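[1] Below is the sequence, then the predicted model.
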Amino acid sequence: MSRRATKPQAKGKVTRTLTPAPPIAKPRAQRKPTGSKVQVSDDQYEEFLKFQAQKKKEAEVNRKENVRKKVDAMLDEESDLEQEYTSTSTDKKLSRSRPVVPDDSDMDHIDDADPADILPSVVPSKEKESTPSPDSSDQDGANEGSGDEGANDGDEDVSAESTGTRRRTNGLIEVKDEPQEDNGERIRRKRVRKGDTKLPTTLASLKKDGCGPLVDLAHQLLRIKIALVNAFPGPSVDVQDSFAWDCIKEAVKNPGSPLKPMFDAICQDPVLKNRALTYVWSGASQLRGELVRKARENVIFLLQQMKPRDIGEVASWLVSAKKDPFLCGELDLKNKTFNKNLPFRAALLRQLLISQFFQGAVSEGLLYKDEFEKLPDNLLALIATAAECAFKGMLTGSPVVIEFKEPVFQPRHQYYMLKLAEYRQKSPMYMEKLRHDLWTEVGEACRFVVREDEESGSELDFDAMEASARVQTNAPSTTSDVAIA
């Protein structure tokens, strides 16, 4: 019995060693946390840290901005209470000064003298005119009795103000004090600016003021000058105003012009004149913006069949290669070939010229056809510059709007102007033929020019038409038997 009992115990011991969970399960349970750690990569953790740092930075910037606003509000309150500060500082100066006790001789001298010779002339200051203080009478009396010591104090204040060393600060922002006599005027101007509203410079608002027809005509004349004379007059405001003012004067150059009273009204009102100049000058950016927008549309249509990678390569080749391929004739975008001996013969130039200046019965090209027929260098260079801007917007393979800014593209316009001047000097016949062919193509598209060969020859036989009409008149019933040669 004991042996049998021992055997099951031995077997039980063996079974106890086999019944526990296999050791493989523990490594699996231990691998799960290690696997979860691997799922969060170092890049993601760095991004999380950057995100937290960015949030902290934004919170710090907002806190500093709030502090600045509070400081500005405090400084405004201090400027509004400047009069109290002035009065209190004057009282302190007077309290520190020693009273002058005149002698009997001085009293006799004062009694015998003329008060007008002793008392200084009272000149009202700007500060008193702007915000009179209730203690002004007391201050005047104190100043009259202060004598030489008060004058010395005033000299010290003037020297401190002239050097500009007096400053007031709240620990964060240090502000330089201005002269006290000008401080009241500065506060008054500041308050007026806050309440002012910017006057409109639209054509509708100028029509209400009675000068709408004049500025409208000047606005149109400026667009013509930008296209034909000077595409980029200059970034200076004085140059722009002078350019716009010349257009306004040109609008009333006729002696009996009905716009002369409007011109006189603008000359007499500086505010109205400024508004008129602003509206007239807006025609420059308006014209250039319209032209470059149409250039983008034509370039996108020209490259729409290509893949984005090919578009980027072609655009880079067009604007970076020498001889400016996008302006030359016989241009093949697929094979990247062009004829360098045909500059400014690209079909894109003709399309931009027609779409911008010859669309509609009241278009600028038709209203001023005599001026546009000359096709000056400024016009060709402006169209070429707009086309270059459009191609540069395709360098990434997809359309990107590049602003047609004067500081960037004025040098490019000058570059094309120099090239046209060189062509005109070295190859005058080519430039003459170029202008003639381009104007003929524009005229045919707009139906105001007919080729000479079309005028001389005709496909109709007028003799046969006359014979047919004669036969029909004489014998209407036998018209079917007439054979037309």
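    It's in. Numbers count the residues shown, from 1 in each chain.

[2] any weak-confidence spans in the chain?
    1-40, 78-197, 449-459, 475-485 (pLDDT under 70).

[3] show me where it has strands.
    Along the chain, counting by DSSP state E, strands occupy 167-169, 174-176, 329-332, 337-339.

[4] and the closest residue to Lys273 other than its chain neighbours, what does it touch?
    Of all residues not flanking Lys273 in the chain, Ile266 sits nearest, at 4.9 Å (CB to CB, 6 or more residues apart in numbering). (Glycine included, C-beta is placed from N, CA and C.) By CB atoms under 8 Å, 6 or more residues apart in numbering, the residues touching Ile266 are 211, 214, 248, 272-273, 276.

[5] Identify the residues contacting Asp324.
    Asp324 is in contact with 343, 384, 388, counting by CB under 8 Å, 6+ apart.

[6] neighbours of the nearest residue to Leu366 once chain neighbours are set aside, just the number please.
    In space, Leu366 comes closest to Phe358 once its chain neighbours are excluded; the distance is 6.4 Å by CB to CB, 6+ apart. Other residues within reach of Phe358, judged by other CB atoms under 10 Å, total 18.

[7] In terms of secondary structure, what does the longest helix along the chain contact?
    Among the segments of the chain that qualify as a helix by DSSP state H, the longest is helix 42-80. Identification of packing neighbours for helix 42-80 by 3 or more CB pairs under 8 Å, 6 or more residues apart in numbering; DSSP states H and E yields helix 180-195.

[8] Got the phi and psi for Val376?
    Val isn't right for residue 376; it's Pro. phi -70, psi 170 (degrees, to the nearest 10).

[9] and the closest residue to it other than its chain neighbours, how far is that from Tyr416?
    Nearest residue to Pro376, sequence neighbours excluded (CB to CB, 6+ apart): Leu228, at 5.4 Å. Distance, Leu228 to Tyr416, using CB to CB, to the nearest Å: 15 Å.

[10] same deal with Leu259?
    For Leu259, the distance to Tyr416 - CB to CB - is 36 Å.

[11] list the contacts for Phe358?
    Shown in contact with Phe358 (CB under 8 Å, 6+ apart): 365-366, 442, 445-446.

[12] neighbour-wise, which of the residues you listed leads?
    With neighbours taken as other CB under 10 Å, the top of those is Gly365, carrying 22 neighbours.

[13] ok so, going back, so which of the contacts of Ile266 comes closest to Thr396?
    Nearest to Thr396, judged by CB to CB, of the contacts of Ile266 is Ala276 at 41.8 Å.

[14] Quick check, the closest one in contact with Cys211.
    Yes: between Ala276 and Cys211 there is a contact under CB atoms under 8 Å: 6.3 Å.

[15] Give me the number of neighbouring residues for the residue nearest to Cys211 when sequence neighbours are not counted.
    Excluding the flanking residues, the one nearest Cys211 by CB to CB, 6+ apart is Met262, at 4.3 Å. By the criterion of other CB under 10 Å, Met262 has 24 neighbours.

[16] Met262 contacts Ala218, correct?
    No: the pair Met262 and Ala218 does not pass the contact test of CB under 8 Å, sitting 10.2 Å apart.

[17] one step back: angles on the backbone of the residue nearest to Leu366, please.
    Dihedral angles (degrees, to the nearest 10) for Phe358: phi -130, psi 40.

[18] how far away is it from Arg350?
    Distance from Phe358 to Arg350, by CB to CB: 10 Å.

[19] Overlap of the contact sets of those two?
    Val442.

[20] thought Arg435 was touching Leu375?
    Yes: counting by CB under 8 Å, Leu375 is a contact partner of Arg435 at 4.6 Å.

[21] before we move on, back to that, number of residues surrounding the residue nearest to Pro376?
    Leu228 has 20 neighbours, counted by other CB under 10 Å.

[22] for Gln359, same thing?
    So Gln359, with other CB under 10 Å, has 14 neighbours.

[23] do the same with Arg223
    Number of residues near Arg223 (other CB under 10 Å) recorded here: 22.

[24] That one contacts Leu287, doesn't it?
    Yes: look at Arg223 against Leu287 with CB under 8 Å: they come within range, at 4.7 Å.

[25] the helices in the stretch 151-300 of the chain, which residues?
    For the stretch 151-300 of the chain, helices defined by DSSP state H, counting those that start in this stretch occupy the ranges 180-195, 203-208, 212-228, 237-251, 260-268, 270-302.

[26] which of these sits most buried?
    helix 212-228 (a mean of 22; mean count of other CB atoms under 10 Å).

[27] helices or strands up against that one?
    helix 203-208, helix 237-251, helix 260-268, helix 270-302, helix 364-367, helix 369-373, helix 377-392.

[28] Can you tell me which of the contacts of Asp324 has the most neighbours?
    Counting neighbours by other CB under 10 Å, the top entry in the contacts of Asp324 is Ala384, with 27 neighbours.

[29] residues contacting that one?
    When contacts are counted by CB under 8 Å, 6+ apart, Ala384 touches 324, 327, 344, 349, 416.

[30] let's see it at 10 Å
    Taking CB atoms under 10 Å, 6 or more residues apart in numbering, we find Ala384 in contact with 295, 324, 326-327, 343-344, 346, 348-349, 352, 412-413, 415-417, 419-420.

[31] got it, and Leu333?
    For Leu333, the contact set (CB under 10 Å, 6+ apart) comprises 302-303, 305-306, 310-311, 314-315, 317-318, 325-326.

[32] same check, this time on Phe338
    Counting by CB under 10 Å, 6+ apart, Phe338 touches 318, 321, 323-332, 345-346.

[33] again with Leu259
    211, 213-218, 248, 251-252.
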